[in-house]
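J.: Got a predicted structure here, sequence first:
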Amino acid sequence: MTAPVPVAPRRINRVLPAHPVSAALTMLVFTAVLYVVEVLDVASGSRLQLEGGIIARHVDGLDGILFSPLLHDDWAHLWANTVPFFVFGFLVMAGGIAQFLMVTATIWLLGGAALWLLGPDDAYTVGASGIIFGWLAFLLVRGFFARSVKQILLAVVLFMIWGGVLWGVLPTDSHISWQGHLFGALAGVLAAWLVARADREPRPVRV
């Protein structure tokens, strides 16, 4: 017989993935995809990034919500994103691959959609920075939502190392999409709240 039985709230307070080697290999694959895309973009004469960026409120730039995080302006842009992309993505996998995909999709789609809707006129945006800021914001606040001391301590360490990049959500450089950073970070905070809310919900067990 199957019946729902109340159980204690589910808590996922990990700070590192349960299977770190698999998580690291997965992030290496995702990072390698960015490099393959950049090779293809260079070979196409930058055609991919010209056609795949987000252009605010332009129908032609709408597909950039899906493609712009995979594209970069040049190799220096990609290299600057590589280490935080790998490290933050690896740490976000602490909740499992399903949670990682949910968090990433929330940041990717909501952050990109907000940039398309609210970005400056004719702004053209490419790069994984929005995802990176979203992951960082997720990692910084999830411990507070989940009331996890371990995750809060990790957030403190991350803030000490990478907290300076958060200035990127402010309009300090006209060549940098601070709006993309800001919307990505806000989507990351939302994802952290959603994860903590889901983890607090009791699950039925089968008997």
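T.: In hand now; what should we look at?

J.: ok, now which ones touch Ala196?
T.: By C-beta atoms under 8 Å, 6 or more residues apart in numbering, the contact list for Ala196 reads Arg142, Phe145, Ala146. For glycine as for every other residue, the C-beta is placed from the backbone atoms N, C-alpha and C.

J.: Quick one, grab the pLDDT at the residue nearest to the second one when sequence neighbours are not counted.
T.: This means Phe145. Distances taken as C-beta to C-beta, 6 or more residues apart in numbering put Ala196 closest to Phe145, at 3.5 Å, once the chain neighbours are dropped. Looking at Ala196, its pLDDT is 89.

J.: list the helices and strands the helix-or-strand element of the chain with minimal mean pLDDT packs on?
T.: Using mean pLDDT, DSSP states H and E, strand 124-125 stands out as the lowest-scoring helix or strand of the chain, at a mean of 88. Counting by 3 or more C-beta pairs under 8 Å, 6 or more residues apart in numbering; DSSP states H and E, the packing neighbours recorded for strand 124-125 are strand 54-55.

J.: hang on, the earlier thing: each with direction, which strands does the least confident helix or strand of the chain pair with?
T.: If you go by DSSP bridges, strand 124-125 pairs up with strand 54-55 (antiparallel).

J.: Please enumerate the helices of the protein.
T.: 20-43, 47-52, 64-67, 75-92, 97-118, 129-146, 149-162, 178-200 (DSSP state H).

J.: Low-confidence regions, the protein specifically.
T.: For the chain, applying pLDDT under 70 flags the ranges 1-12, 174, 201-207.

J.: give me that answer again for 50
T.: Applying pLDDT under 50 to the chain flags residues 1-2, 7-11, 207.

J.: Tell me which residue is most central in it.
T.: When the chain is reduced to its mean C-alpha position, the nearest residue by C-alpha atoms, centre = their mean turns out to be Ile131, at 3.3 Å.

J.: Can you report how many residues lie near the closest residue to that one other than its chain neighbours?
T.: Nearest non-adjacent residue to Ile131, counting by C-beta to C-beta, 6+ apart: Pro69, 5.1 Å away. Applying other C-beta atoms under 10 Å, we find 30 residues neighbouring Pro69.

J.: likewise the one 5 residues further on?
T.: A count of neighbours around Asp74, defined by other C-beta under 10 Å, yields 12.

J.: For it, give its distance to Glu38.
T.: Separation of Asp74 from Glu38 (C-beta to C-beta, to the nearest Å): 8 Å.

J.: Now do the contacts for Ile54.
T.: For Ile54, the contact set (C-beta under 8 Å, 6+ apart) comprises 61, 64-65, 68, 112, 115-116, 119, 123-126, 180.

J.: now do His19
T.: Listed by C-beta under 8 Å, 6+ apart, the contact set of His19 is empty.

J.: Give me the phi and psi angles of it.
T.: For His19, the backbone dihedrals (degrees, to the nearest 10) come out as phi -120, psi 80.
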